[in-house]
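Colleague: let me see the structure of the following:
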Amino acid sequence: MTDDLIIQTLYPVTHDLGGFKVHRTLPHKERTTVGPFIFFDQMGPAHLSVGEGIDVRPHPHINLATVTYLFAGAIDHRDSLGTHKTIEPGAVNLMTAGRGIVHSERSPATERSAGPELFGIQTWLALPQAKEETDPAFEHVAKADLPVIEGSGATARIIMGGMWGASSPVTCHSETIYADVALQPGGSIAVDPDADERAVYVAEGEASLDGMKLEPMLLYLLRPGSSATLRSETGAQVMICGGAPMDGPRHVWWNFVSSRRDRISQAKEDWRAMRFPLVPDDDEDCIPLPEVPKTVSYP
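Modeller: Residues are numbered from 1 along each chain as shown. Next up is the predicted model:
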């Protein structure tokens, strides 16, 4: 029965960034998107040395929204709208690039002094074609403002969309579900057909789905319309993501996502000529346009 439940398993590509690892399951050569999710990265878990931290210098995005969610640590977000916000575990940063935005992500000074922790998930959501050129925007939703479902040894925080009868206040540009499920030893929770496309991802620990063991850092796609029970004997941190299928193919080049190749070409030229708006107080060391990445089209 479990063979009918899981229709595809995506293995990550892992990059060692010196001090911590990033595990990427989307985009994948076998699968473009799960609902609107077109990029799925796990950062850490890691504990960096005293005085160190992450420093992702200013860089641009178009036609997508980024979602940052942490289990441990903190990140300072700055963008070309003038936003400066520190995200901490359990909160959500949603940055809508739309027609174009520039941002940086760095470990706060207070975290560096003790040796920063880093553990979280960063995702990109492709925008619907009708919203690709929307105005850029930033939204921070505090941990206390996200609905939490508890029971049977499970605590589920709804990051985006509606699940288990509750809805997140975070903006959705298209039909989206996204949840963080903490399973205690012996805990379980139902995974219902809340969206046409859904995936389950174990960030840490041990979990199973209807008795089938789930390996950490693999993205398991579920058959549409199916129901199952997520369970852990020893404890786990699990993400559930998905939504409605995208309204056509997307092209990806570096930090740019669009339904149109010519739009990505324009973004490349705009960044090379520094026609994007810059990040106030963090605009002297922007990441240059790379020469190596090629446009990748995902059907």
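
Colleague: the helix ranked longest in the chain - contacts with which helices or strands?
Modeller: Assignment by DSSP state H gives helix 261-272 as the longest helix of the chain. With contacts defined as 3 or more C-beta pairs under 8 Å, 6 or more residues apart in numbering; DSSP states H and E, helix 261-272 has these neighbours: strand 55-61, strand 250-253, strand 256-258. In this view, the C-beta of every residue, glycine as well, is placed from N, C-alpha and C.

Colleague: between these, which gets nearest to D16?
Modeller: strand 55-61 (15.9 Å; C-beta to C-beta).

Colleague: put the alpha carbons of the closest one into CSV.
Modeller: Coordinates of each C-alpha in strand 55-61 appear next as CSV, following Å, rounded to 0.1, in the frame of the first residue of the first chain:
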residue,chain,number,x,y,z
ASP,A,55,27.4,36.3,4.9
VAL,A,56,25.2,36.0,1.8
ARG,A,57,26.0,39.3,0.1
PRO,A,58,23.4,41.3,-1.8
HIS,A,59,22.0,39.5,-4.8
PRO,A,60,18.8,39.9,-7.0
HIS,A,61,15.7,37.9,-7.6
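
Colleague: okay, buried residues for whatever helix or strand comes next after it please.
Modeller: From strand 55-61 onward toward the C-terminus, using DSSP states H and E, the following helix or strand is strand 64-73. For strand 64-73, burial by neighbour count (16 or more other C-beta atoms under 10 Å) applies to 64-71, 73.

Colleague: quick one: the next helix or strand after strand 64-73 to chain centroid distance?
Modeller: Downstream of strand 64-73, the first helix or strand assigned by DSSP H and E is strand 75-79. How far strand 75-79 lies from its chain's middle: 16 Å, per C-alpha atoms, centre = their mean, to the nearest Å.

Colleague: I'd like to know which elements strand 75-79 is packed against.
Modeller: So strand 75-79, by 3+ C-beta pairs under 8 Å, 6+ apart, packs with strand 84-87, strand 92-96, strand 101-106.
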